[in-house]
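Undergrad: with the input below, show me the fold.
(chains A and B)
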Amino acid sequence: SQTIHQWPATLVQPVGSPLSLECTVEGTSNPNLYWYRQAAGRGLQLLFYSVGIGQISSEVPQNLSASRPQDRQFILSSKKLLLSDSGFYLCAWSRPGQGKIYEQYFGPGTRLTVT
Amino acid sequence: GENVEQHPSTLSVQEGDSAVIKCTYSDSASNYFPWYKQELGKGPQLIIDIRSNVGEKKDQRIAVTLNKTAKHFSLHITETQPEDSAVYFCAASKRGTALIFGKGTTLSVSS
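TA: The predicted model follows:
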């Protein structure tokens, strides 16, 4: 069966500091991978998605970036955090296939607080 | 682009009652509609989904209905239990695009 991991689970960072959140998926090959942000009391906003190694699409312009150095690894980064970057960050995966709709499964999330 | 509206934002029911959450979407080309349950501090869990080639789908106490003409779909939970208390999200998508989520419904089931 497939498993998705995220770490760290919680993170408190000062404004202006860098960020690196990691997501890994087990039990599948070449998954589609997604980064979402969930602000308090709001829905899920798609930030990035990837259909393969080195292939990243950005949905929302911001000071965040994503990378996919390995098939089942997805990293969310920032060089300098802003207060507005606080939120619950969720990684998700779906079966591979561009132009198709498959179920998305979410990881446990990372709670980021920027102080 | 697609826009998904979800109502109500909060819903309180007594244990054993039914709960209904409704979503409307704007893009008539959308053809995939999942529902997620999110417990406090956890990631959303896919509980049921429906594709536009069917009008209703059931899984034990949970059902989803889809009205393509009116562009709305609903989640129905029967015989609610305290463990059903959570935030529920609907979403819509069409081939090759991302899921667009509603803003969520906080369901509280009191015993």
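Undergrad: contact residues of chain B facing chain A?
TA: B:31-32, B:34, B:36, B:41-46, B:49, B:51, B:89, B:93-96, B:98-99, B:101-104 (C-beta under 8 Å from any C-beta of the partner chain). Backbone N, C-alpha and C define where each C-beta goes, glycine included.
Undergrad: and stretch A:108-115, how far out from the chain middle?
TA: Relative to the mean C-alpha coordinate of its chain, stretch A:108-115 is positioned 12 Å out (C-alpha atoms, centre = their mean, to the nearest Å).
Undergrad: would you mind listing the buried residues in it?
TA: A:G109, A:T110, A:L112, A:V114 (16 or more other C-beta atoms under 10 Å in any protein chain shown).
Undergrad: which residues does that stretch contact?
TA: The contact list for stretch A:108-115 (C-beta atoms under 8 Å, 6 or more residues apart in numbering or on different chains) reads A:5-15, A:19, A:21, A:38, A:81-91, B:41-43.
Undergrad: can you rerun that using 10 Å?
TA: A:4-17, A:19, A:21-23, A:36-38, A:76, A:78, A:81-91, B:38, B:41-44 (C-beta atoms under 10 Å, 6 or more residues apart in numbering or on different chains).
Undergrad: give me the buried entries from those.
TA: Of the contacts of stretch A:108-115, these count as buried by 16+ other C-beta under 10 Å: A:4, A:6, A:11, A:13, A:19, A:21, A:23, A:36-38, A:76, A:78, A:81, A:85-91, B:38, B:43-44.
Undergrad: show me where pLDDT drops low in chain B?
TA: Applying pLDDT under 70 to chain B flags residues B:96.
Undergrad: show me where it has strands.
TA: Ranges of strands within chain B are B:4-7, B:10-14, B:19-25, B:32-38, B:45-51, B:56-59, B:62-67, B:72-77, B:86-92, B:100-101, B:105-110, based on DSSP state E.
Undergrad: so what touches the first one?
TA: When contacts are taken as C-beta under 10 Å, 6+ apart, the neighbours of strand B:4-7 outside the stretch itself are A:43, B:20-27, B:30, B:33, B:72-75, B:88-93, B:99-105.
Undergrad: can I get stretch B:39-47 in PDB, CA atoms only?
TA: The C-alpha trace of stretch B:39-47 is given here as PDB (Å, rounded to 0.1, in the frame of the first residue of the first chain):
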ATOM      1  CA  GLU B  39      -9.900  16.000  11.700                       C
ATOM      2  CA  LEU B  40      -8.200  18.500  13.800                       C
ATOM      3  CA  GLY B  41      -4.500  18.700  13.100                       C
ATOM      4  CA  LYS B  42      -4.500  16.100  10.400                       C
ATOM      5  CA  GLY B  43      -4.400  15.900   6.600                       C
ATOM      6  CA  PRO B  44      -7.700  15.600   4.700                       C
ATOM      7  CA  GLN B  45      -8.900  12.000   4.100                       C
ATOM      8  CA  LEU B  46     -10.800  11.100   0.900                       C
ATOM      9  CA  ILE B  47     -14.100   9.600   2.000                       C
END
